[in-house]
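Novice: Sequence first, then the predicted structure:
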Amino acid sequence: MSLEIVQEANWELYNKQKAAEAILYEKEKEAQAQKATAEATFYALQQLADGELYAKQKEAAGLVALGQAQGVYICMLLDALGGNYNALRDYLMINGGMFQEITKINGEAVRRLQHKISIWTNGGGGEGGAMKGVAVVYRMLPPLFKTGYIVLNRPWAFVQWLQQANIKEDYILMAEPDHIIVKPIPNLSRDGRGAAFPFFYIEPQKYESVLRKFFPKEKGPISNIDPIGNSPVIIGKESLKKIAPTWMNVSLAMKRDSVANKEFGWVLKMYAYAVASALHNVGNILYKDFMIQPPWDTEIGNKFIVHFTYGCDYDMKGKLTYGKIGEWRFDKRSYTTAWPPKNLPLSPPGVPESVVTLVKMVNEATTNIPNWGS
(Lines give C-alpha, C1' and ligand atoms only; values in the text may rest on other atoms or scores of the structure.)
Protein backbone atom coordinates (compact mmCIF):
# COMPACT_ATOMS: atom_id res chain seq x y z
CA MET A 1 0.00 0.00 0.00
CA SER A 2 2.76 2.37 0.89
CA LEU A 3 4.52 1.61 -2.43
CA GLU A 4 1.48 2.64 -4.41
CA ILE A 5 1.20 5.86 -2.45
CA VAL A 6 4.83 6.64 -3.12
CA GLN A 7 4.51 5.92 -6.83
CA GLU A 8 1.41 8.11 -7.06
CA ALA A 9 3.20 10.94 -5.30
CA ASN A 10 6.19 10.58 -7.59
CA TRP A 11 3.91 10.67 -10.62
CA GLU A 12 2.21 13.77 -9.38
CA LEU A 13 5.58 15.42 -8.71
CA TYR A 14 6.76 14.40 -12.15
CA ASN A 15 3.70 15.96 -13.77
CA LYS A 16 4.17 19.17 -11.81
CA GLN A 17 7.85 19.31 -12.83
CA LYS A 18 6.92 18.82 -16.46
CA ALA A 19 4.28 21.49 -16.23
CA ALA A 20 6.73 23.84 -14.57
CA GLU A 21 9.33 23.06 -17.23
CA ALA A 22 6.78 23.77 -19.95
CA ILE A 23 5.90 27.09 -18.36
CA LEU A 24 9.60 27.90 -17.96
CA TYR A 25 10.22 26.97 -21.57
CA GLU A 26 7.41 29.24 -22.75
CA LYS A 27 8.74 32.05 -20.58
CA GLU A 28 12.24 31.56 -21.99
CA LYS A 29 10.90 31.56 -25.54
CA GLU A 30 8.87 34.69 -24.78
CA ALA A 31 11.91 36.35 -23.24
CA GLN A 32 14.05 35.40 -26.24
CA ALA A 33 11.39 36.81 -28.56
CA GLN A 34 11.24 40.03 -26.57
CA LYS A 35 15.03 40.21 -26.61
CA ALA A 36 15.09 39.71 -30.37
CA THR A 37 12.41 42.37 -30.81
CA ALA A 38 14.31 44.76 -28.57
CA GLU A 39 17.54 44.14 -30.44
CA ALA A 40 15.80 44.67 -33.77
CA THR A 41 14.18 47.88 -32.51
CA PHE A 42 17.50 49.09 -31.12
CA TYR A 43 19.22 48.28 -34.39
CA ALA A 44 16.56 50.13 -36.36
CA LEU A 45 16.82 53.14 -34.06
CA GLN A 46 20.61 53.02 -34.29
CA GLN A 47 20.41 52.92 -38.08
CA LEU A 48 17.94 55.79 -38.06
CA ALA A 49 20.13 57.81 -35.70
CA ASP A 50 23.18 57.05 -37.82
CA GLY A 51 21.24 58.11 -40.91
CA GLU A 52 20.06 61.33 -39.29
CA LEU A 53 23.58 62.03 -38.03
CA TYR A 54 24.94 61.44 -41.52
CA ALA A 55 22.26 63.65 -43.02
CA LYS A 56 23.02 66.41 -40.50
CA GLN A 57 26.71 66.10 -41.20
CA LYS A 58 26.06 66.34 -44.95
CA GLU A 59 23.67 69.23 -44.40
CA ALA A 60 26.23 71.03 -42.27
CA ALA A 61 28.91 70.40 -44.88
CA GLY A 62 26.52 71.66 -47.53
CA LEU A 63 25.78 74.82 -45.55
CA VAL A 64 29.47 75.44 -45.08
CA ALA A 65 30.05 74.99 -48.80
CA LEU A 66 27.02 77.21 -49.60
CA GLY A 67 28.25 79.87 -47.22
CA GLN A 68 31.70 79.78 -48.74
CA ALA A 69 30.23 79.98 -52.25
CA GLN A 70 27.95 82.88 -51.27
CA GLY A 71 30.88 84.64 -49.68
CA VAL A 72 32.90 84.32 -52.88
CA TYR A 73 29.84 85.42 -54.92
CA ILE A 74 29.26 88.53 -52.79
CA CYS A 75 32.94 89.42 -52.85
CA MET A 76 32.96 89.14 -56.64
CA LEU A 77 29.80 91.28 -56.89
CA LEU A 78 31.20 93.89 -54.54
CA ASP A 79 34.41 94.01 -56.52
CA ALA A 80 32.46 94.36 -59.79
CA LEU A 81 30.45 97.21 -58.24
CA GLY A 82 33.55 99.12 -57.29
CA GLY A 83 33.24 98.37 -53.56
CA ASN A 84 29.89 100.17 -53.35
CA TYR A 85 27.86 98.53 -50.56
CA ASN A 86 24.70 100.52 -51.40
CA ALA A 87 24.80 99.28 -54.96
CA LEU A 88 25.38 95.71 -53.75
CA ARG A 89 22.41 95.98 -51.41
CA ASP A 90 20.22 97.29 -54.24
CA TYR A 91 21.23 94.41 -56.48
CA LEU A 92 20.53 91.80 -53.80
CA MET A 93 17.15 93.38 -52.99
CA ILE A 94 16.14 93.36 -56.63
CA ASN A 95 17.40 89.81 -57.13
CA GLY A 96 15.55 88.67 -54.02
CA GLY A 97 12.23 90.18 -55.08
CA MET A 98 12.00 92.75 -52.28
CA PHE A 99 11.38 95.67 -54.63
CA GLN A 100 8.59 93.70 -56.29
CA GLU A 101 6.90 93.36 -52.90
CA ILE A 102 7.31 97.10 -52.28
CA THR A 103 5.73 97.68 -55.69
CA LYS A 104 2.70 95.59 -54.70
CA ILE A 105 2.30 97.61 -51.51
CA ASN A 106 2.59 100.90 -53.40
CA GLY A 107 0.11 99.66 -56.00
CA GLU A 108 -2.43 98.85 -53.29
CA ALA A 109 -1.88 102.28 -51.73
CA VAL A 110 -2.60 103.96 -55.06
CA ARG A 111 -5.79 101.95 -55.52
CA ARG A 112 -6.89 103.04 -52.03
CA LEU A 113 -6.51 106.70 -53.08
CA GLN A 114 -3.38 107.28 -51.02
CA HIS A 115 -1.60 109.38 -53.60
CA LYS A 116 0.51 111.59 -51.33
CA ILE A 117 3.61 109.54 -51.89
CA SER A 118 6.71 110.00 -49.80
CA ILE A 119 9.85 110.04 -51.89
CA TRP A 120 11.64 106.70 -51.48
CA THR A 121 15.38 106.59 -51.98
CA ASN A 122 18.09 104.02 -51.44
CA GLY A 123 20.41 106.34 -49.61
CA GLY A 124 22.93 108.97 -50.54
CA GLY A 125 24.88 109.42 -53.70
CA GLY A 126 28.42 108.34 -54.32
CA GLU A 127 27.71 105.55 -56.78
CA GLY A 128 30.69 104.82 -58.91
CA GLY A 129 32.26 102.23 -61.13
CA ALA A 130 29.95 99.77 -62.78
CA MET A 131 26.81 101.08 -61.05
CA LYS A 132 27.15 104.78 -61.76
CA GLY A 133 25.11 104.70 -64.95
CA VAL A 134 22.18 102.80 -63.47
CA ALA A 135 21.98 104.07 -59.90
CA VAL A 136 19.02 106.33 -60.66
CA VAL A 137 17.27 103.48 -62.47
CA TYR A 138 17.32 101.44 -59.25
CA ARG A 139 15.65 104.29 -57.44
CA MET A 140 12.83 104.34 -59.98
CA LEU A 141 11.79 100.76 -59.27
CA PRO A 142 9.49 100.95 -56.21
CA PRO A 143 6.72 103.11 -57.77
CA LEU A 144 6.14 100.85 -60.80
CA PHE A 145 2.46 100.91 -59.89
CA LYS A 146 0.18 98.15 -61.10
CA THR A 147 -2.09 100.49 -63.02
CA GLY A 148 -1.65 98.96 -66.46
CA TYR A 149 -0.08 102.27 -67.55
CA ILE A 150 3.65 101.90 -67.07
CA VAL A 151 4.59 105.41 -68.26
CA LEU A 152 3.21 106.76 -64.99
CA ASN A 153 6.70 105.95 -63.80
CA ARG A 154 8.11 108.74 -65.98
CA PRO A 155 7.27 111.67 -63.66
CA TRP A 156 8.58 109.65 -60.71
CA ALA A 157 11.81 109.07 -62.61
CA PHE A 158 12.23 112.81 -63.09
CA VAL A 159 11.55 113.48 -59.40
CA GLN A 160 14.26 111.03 -58.43
CA TRP A 161 16.71 112.21 -61.07
CA LEU A 162 16.34 115.85 -60.10
CA GLN A 163 16.84 114.97 -56.44
CA GLN A 164 19.76 112.59 -56.81
CA ALA A 165 21.77 113.56 -59.86
CA ASN A 166 24.34 116.33 -59.94
CA ILE A 167 22.98 118.34 -62.86
CA LYS A 168 25.34 121.15 -63.78
CA GLU A 169 23.30 122.56 -66.66
CA ASP A 170 20.65 125.24 -66.08
CA TYR A 171 18.30 123.94 -68.78
CA ILE A 172 17.00 120.47 -69.55
CA LEU A 173 15.79 118.96 -72.81
CA MET A 174 13.19 116.23 -72.33
CA ALA A 175 13.07 113.90 -75.32
CA GLU A 176 12.08 110.28 -75.97
CA PRO A 177 13.61 107.09 -77.42
CA ASP A 178 11.61 107.52 -80.63
CA HIS A 179 13.01 111.01 -81.23
CA ILE A 180 15.81 111.39 -83.77
CA ILE A 181 17.63 114.70 -83.59
CA VAL A 182 18.40 115.78 -87.15
CA LYS A 183 20.18 119.02 -86.33
CA PRO A 184 21.58 120.80 -83.24
CA ILE A 185 18.83 122.22 -81.01
CA PRO A 186 19.38 125.73 -79.64
CA ASN A 187 18.00 126.77 -76.26
CA LEU A 188 14.50 127.84 -77.30
CA SER A 189 13.44 128.63 -73.74
CA ARG A 190 13.08 132.29 -72.81
CA ASP A 191 12.20 134.41 -69.78
CA GLY A 192 11.48 131.54 -67.42
CA ARG A 193 9.12 129.85 -69.86
CA GLY A 194 9.56 126.41 -71.32
CA ALA A 195 9.80 125.67 -75.04
CA ALA A 196 7.43 122.92 -76.15
CA PHE A 197 5.88 121.26 -79.18
CA PRO A 198 2.08 121.78 -79.48
CA PHE A 199 0.14 118.54 -80.02
CA PHE A 200 -3.11 118.81 -81.96
CA TYR A 201 -4.72 116.12 -79.81
CA ILE A 202 -4.08 117.87 -76.48
CA GLU A 203 -7.23 120.01 -76.16
CA PRO A 204 -7.67 121.63 -72.72
CA GLN A 205 -10.71 123.68 -73.78
CA LYS A 206 -12.52 120.56 -75.00
CA TYR A 207 -11.99 118.80 -71.67
CA GLU A 208 -12.41 121.78 -69.33
CA SER A 209 -15.02 120.04 -67.17
CA VAL A 210 -12.61 117.17 -66.54
CA LEU A 211 -9.52 119.30 -66.07
CA ARG A 212 -11.18 121.58 -63.51
CA LYS A 213 -10.92 118.71 -61.02
CA PHE A 214 -7.15 119.19 -61.16
CA PHE A 215 -6.91 122.86 -62.19
CA PRO A 216 -9.53 124.78 -60.18
CA LYS A 217 -11.03 128.04 -61.46
CA GLU A 218 -9.15 130.14 -58.92
CA LYS A 219 -5.94 129.12 -60.71
CA GLY A 220 -6.99 130.94 -63.84
CA PRO A 221 -8.62 130.33 -67.22
CA ILE A 222 -8.37 126.91 -68.80
CA SER A 223 -6.32 128.50 -71.60
CA ASN A 224 -3.44 128.67 -69.12
CA ILE A 225 -3.02 124.95 -69.75
CA ASP A 226 -0.87 124.64 -72.86
CA PRO A 227 -1.55 121.93 -75.50
CA ILE A 228 1.70 120.10 -74.73
CA GLY A 229 3.19 117.00 -73.18
CA ASN A 230 6.45 116.75 -71.32
CA SER A 231 8.37 115.97 -74.50
CA PRO A 232 9.88 117.52 -76.44
CA VAL A 233 10.33 120.33 -73.92
CA ILE A 234 13.24 122.59 -73.03
CA ILE A 235 12.83 123.99 -69.53
CA GLY A 236 14.87 125.58 -66.75
CA LYS A 237 16.13 123.12 -64.17
CA GLU A 238 14.64 125.01 -61.23
CA SER A 239 11.23 125.18 -62.90
CA LEU A 240 11.26 121.44 -63.57
CA LYS A 241 12.17 120.77 -59.93
CA LYS A 242 8.92 122.49 -58.96
CA ILE A 243 6.80 120.88 -61.67
CA ALA A 244 7.97 117.26 -61.41
CA PRO A 245 6.42 116.27 -58.01
CA THR A 246 3.13 117.92 -58.99
CA TRP A 247 3.25 116.19 -62.38
CA MET A 248 3.62 112.85 -60.58
CA ASN A 249 0.71 113.42 -58.21
CA VAL A 250 -1.60 114.85 -60.87
CA SER A 251 -0.81 111.82 -63.08
CA LEU A 252 -1.80 109.46 -60.28
CA ALA A 253 -4.93 111.46 -59.45
CA MET A 254 -6.01 111.44 -63.12
CA LYS A 255 -5.38 107.71 -63.37
CA ARG A 256 -7.62 107.09 -60.36
CA ASP A 257 -10.37 109.32 -61.73
CA SER A 258 -12.51 107.11 -63.98
CA VAL A 259 -13.63 109.98 -66.23
CA ALA A 260 -10.16 111.46 -66.72
CA ASN A 261 -8.68 108.02 -67.26
CA LYS A 262 -11.26 107.22 -69.93
CA GLU A 263 -11.04 110.58 -71.72
CA PHE A 264 -7.25 110.96 -71.72
CA GLY A 265 -6.17 107.35 -72.16
CA TRP A 266 -2.57 106.93 -73.30
CA VAL A 267 -1.95 110.73 -73.31
CA LEU A 268 -2.93 111.07 -69.63
CA LYS A 269 0.58 111.86 -68.38
CA MET A 270 0.85 114.53 -71.14
CA TYR A 271 -2.24 116.30 -69.80
CA ALA A 272 -0.85 115.90 -66.28
CA TYR A 273 2.39 117.64 -67.25
CA ALA A 274 0.51 120.50 -68.92
CA VAL A 275 -1.66 120.93 -65.80
CA ALA A 276 1.35 120.80 -63.47
CA SER A 277 3.11 123.50 -65.52
CA ALA A 278 0.04 125.73 -65.31
CA LEU A 279 -0.34 125.15 -61.57
CA HIS A 280 3.21 126.47 -61.10
CA ASN A 281 2.64 129.36 -63.53
CA VAL A 282 5.32 128.10 -65.89
CA GLY A 283 4.16 129.03 -69.36
CA ASN A 284 5.51 127.58 -72.59
CA ILE A 285 6.57 128.99 -75.92
CA LEU A 286 4.92 126.77 -78.52
CA TYR A 287 7.24 125.74 -81.38
CA LYS A 288 5.56 123.89 -84.22
CA ASP A 289 8.96 123.55 -85.86
CA PHE A 290 10.35 121.68 -82.87
CA MET A 291 9.68 118.34 -84.56
CA ILE A 292 7.90 116.49 -87.34
CA GLN A 293 5.92 113.25 -87.28
CA PRO A 294 6.13 111.14 -90.45
CA PRO A 295 4.34 110.09 -92.53
CA TRP A 296 2.01 113.07 -92.10
CA ASP A 297 4.85 115.59 -92.05
CA THR A 298 6.78 115.10 -95.25
CA GLU A 299 9.65 117.62 -95.19
CA ILE A 300 12.49 118.16 -92.73
CA GLY A 301 12.91 121.87 -93.44
CA ASN A 302 14.10 123.73 -90.35
CA LYS A 303 12.79 121.13 -87.89
CA PHE A 304 15.02 119.65 -85.17
CA ILE A 305 13.46 116.27 -84.33
CA VAL A 306 11.90 113.41 -86.27
CA HIS A 307 9.34 111.60 -84.10
CA PHE A 308 8.68 108.12 -85.47
CA THR A 309 5.48 107.39 -83.56
CA TYR A 310 3.32 106.45 -86.55
CA GLY A 311 3.77 103.51 -88.90
CA CYS A 312 4.98 104.36 -92.40
CA ASP A 313 3.41 102.08 -95.03
CA TYR A 314 3.88 102.54 -98.79
CA ASP A 315 3.45 100.59 -101.98
CA MET A 316 6.41 100.21 -104.32
CA LYS A 317 5.32 103.31 -106.23
CA GLY A 318 5.79 105.45 -103.11
CA LYS A 319 2.08 105.84 -102.36
CA LEU A 320 1.05 105.96 -98.70
CA THR A 321 -1.19 103.05 -97.64
CA TYR A 322 -1.80 104.13 -94.04
CA GLY A 323 -4.05 101.71 -92.18
CA LYS A 324 -2.93 98.90 -94.45
CA ILE A 325 0.43 97.15 -94.24
CA GLY A 326 2.42 98.34 -97.23
CA GLU A 327 4.76 96.54 -99.55
CA TRP A 328 7.44 98.66 -97.90
CA ARG A 329 7.08 99.72 -94.29
CA PHE A 330 8.83 101.10 -91.27
CA ASP A 331 6.98 100.84 -87.97
CA LYS A 332 8.67 100.80 -84.57
CA ARG A 333 6.04 98.31 -83.39
CA SER A 334 7.60 95.73 -85.70
CA TYR A 335 10.58 95.70 -83.32
CA THR A 336 8.83 95.44 -79.98
CA THR A 337 10.57 92.17 -79.14
CA ALA A 338 13.56 92.21 -81.49
CA TRP A 339 16.40 94.47 -82.54
CA PRO A 340 15.90 96.41 -85.75
CA PRO A 341 18.33 94.73 -88.16
CA LYS A 342 21.22 96.59 -89.66
CA ASN A 343 20.79 98.04 -93.16
CA LEU A 344 17.02 98.27 -93.29
CA PRO A 345 15.87 98.43 -96.93
CA LEU A 346 15.52 102.00 -98.14
CA SER A 347 12.13 103.25 -99.20
CA PRO A 348 11.02 103.13 -102.85
CA PRO A 349 11.08 106.26 -105.06
CA GLY A 350 8.38 108.78 -104.23
CA VAL A 351 8.43 108.32 -100.47
CA PRO A 352 8.76 111.74 -98.74
CA GLU A 353 12.01 113.16 -97.39
CA SER A 354 10.97 112.77 -93.76
CA VAL A 355 10.60 108.99 -94.05
CA VAL A 356 13.75 108.59 -96.16
CA THR A 357 15.77 110.56 -93.58
CA LEU A 358 14.29 108.55 -90.73
CA VAL A 359 15.33 105.17 -92.14
CA LYS A 360 18.77 106.41 -93.19
CA MET A 361 19.45 107.69 -89.66
CA VAL A 362 18.27 104.43 -88.09
CA ASN A 363 20.67 102.57 -90.38
CA GLU A 364 23.46 104.98 -89.48
CA ALA A 365 22.85 104.34 -85.78
CA THR A 366 22.72 100.54 -86.03
CA THR A 367 25.91 100.55 -88.10
CA ASN A 368 27.87 102.63 -85.61
CA ILE A 369 26.58 101.42 -82.24
CA PRO A 370 29.09 98.79 -80.97
CA ASN A 371 27.81 95.22 -80.73
CA TRP A 372 24.40 96.13 -82.17
CA GLY A 373 22.06 93.16 -82.07
CA SER A 374 24.14 91.15 -79.62
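Specialist: Looks like it arrived, so ask away. Bear in mind the structure is a predicted one, so any value in this text is a computation, not a measurement.

Novice: who are the neighbours in contact with the closest residue to D331 other than its chain neighbours?
Specialist: Setting aside the residues directly before and after it, D331 is nearest to G311 in space (C-beta to C-beta, 6 or more residues apart in numbering), at 3.5 Å. Where you see a C-beta, it was placed from the backbone N, CA and C, and this is true even at glycine. By C-beta atoms under 8 Å, 6 or more residues apart in numbering, the contact set of G311 is Y322, R329, F330, D331, K332, R333.

Novice: Check what pLDDT the last one gets.
Specialist: Listed pLDDT for R333 reads 91.

Novice: Tell me how far it lies from I325.
Specialist: In this view, R333 and I325 are 11 Å apart by C-beta to C-beta, to the nearest Å.

Novice: Which of the two has more residues huddled nearby?
Specialist: Neighbour count, other C-beta atoms under 10 Å: between R333 and I325, I325 has more, with 11 against 7.

Novice: does that one really touch D313, like I thought?
Specialist: Yes: counting by C-beta atoms under 8 Å, I325 does reach D313; the two are 5.8 Å apart.

Novice: after the helix-or-strand element of the chain with minimal mean pLDDT, next one along is what?
Specialist: Ranked by mean pLDDT, DSSP states H and E, the weakest helix or strand in the chain is helix 135-140, scoring a mean of 49. Toward the C-terminus, helix 135-140 is succeeded by helix 153-164 as the next helix or strand (DSSP states H and E).

Novice: and that next one, what's its mean pLDDT?
Specialist: Averaging pLDDT along helix 153-164 gives 87.

Novice: Now do that helix: which elements does it pack against?
Specialist: If you count contacts as 3 or more C-beta pairs under 8 Å, 6 or more residues apart in numbering; DSSP states H and E, helix 153-164 packs onto helix 135-140, helix 237-256, helix 268-279.

Novice: average pLDDT for the second one?
Specialist: In this model, helix 237-256 carries a mean pLDDT of 92.

Novice: And that helix, what's buried?
Specialist: Under the neighbour-count criterion of 16 or more other C-beta atoms under 10 Å, helix 237-256 has 239-240, 242-255 buried.

Novice: just those now: which is nearest P221?
Specialist: V250 (18.1 Å; C-beta to C-beta).

Novice: out of everything not next to it in sequence, what's closest to the closest one?
Specialist: Excluding the flanking residues, the one nearest V250 by C-beta to C-beta, 6+ apart is A272, at 4.3 Å.

Novice: show me what contacts the one you found?
Specialist: P155, F214, W247, V250, S251, M254.

Novice: Turn those residues into a markdown table, columns for distance to P345.
Specialist: Listed next are these as a markdown table, based on distance: C-beta to C-beta, whole Å:
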| residue | distance to P345 |
| --- | --- |
| P155 | 38 |
| F214 | 46 |
| W247 | 40 |
| V250 | 44 |
| S251 | 40 |
| M254 | 42 |
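
Novice: so which of these comes closest to L286?
Specialist: The closest of the contacts of A272, once distances to L286 are taken by C-beta to C-beta, is W247, at 18.6 Å.

Novice: Low-confidence ranges, the stretch 51-200 of the chain, go.
Specialist: Applying pLDDT under 70 to the stretch 51-200 of the chain flags residues 51-58, 60-70, 73, 77, 80-82, 84-150.

Novice: L173: which of the helices and strands packed on helix 153-164 is closest?
Specialist: Nearest of the helices and strands packed on helix 153-164 (C-beta to C-beta): helix 237-256, 10.8 Å.

Novice: where exactly do the strands run in this structure?
Specialist: 171-174, 179-181, 194-196, 233-236, 284-286, 291-292, 305-307, 312-314, 328-330 (DSSP state E).

Novice: tell me the most buried of those strands?
Specialist: Highest mean neighbour count of the strands of the chain: strand 194-196, a mean of 26 (counted as mean count of other C-beta atoms under 10 Å).

Novice: In terms of secondary structure, what does it contact?
Specialist: On a contact count with 3+ C-beta pairs under 8 Å, 6+ apart, strand 194-196 meets strand 233-236, strand 284-286.

Novice: can we see that at 10 Å?
Specialist: Contacts defined by 3 or more C-beta pairs under 10 Å, 6 or more residues apart in numbering; DSSP states H and E place strand 194-196 against strand 171-174, strand 233-236, helix 237-256, helix 268-279, strand 284-286.

Novice: hmm, who's touching it?
Specialist: Here strand 194-196 makes contact (C-beta atoms under 10 Å, 6 or more residues apart in numbering) with 171-174, 185-189, 226-236, 239-240, 243, 273-274, 277, 282-287, 290.
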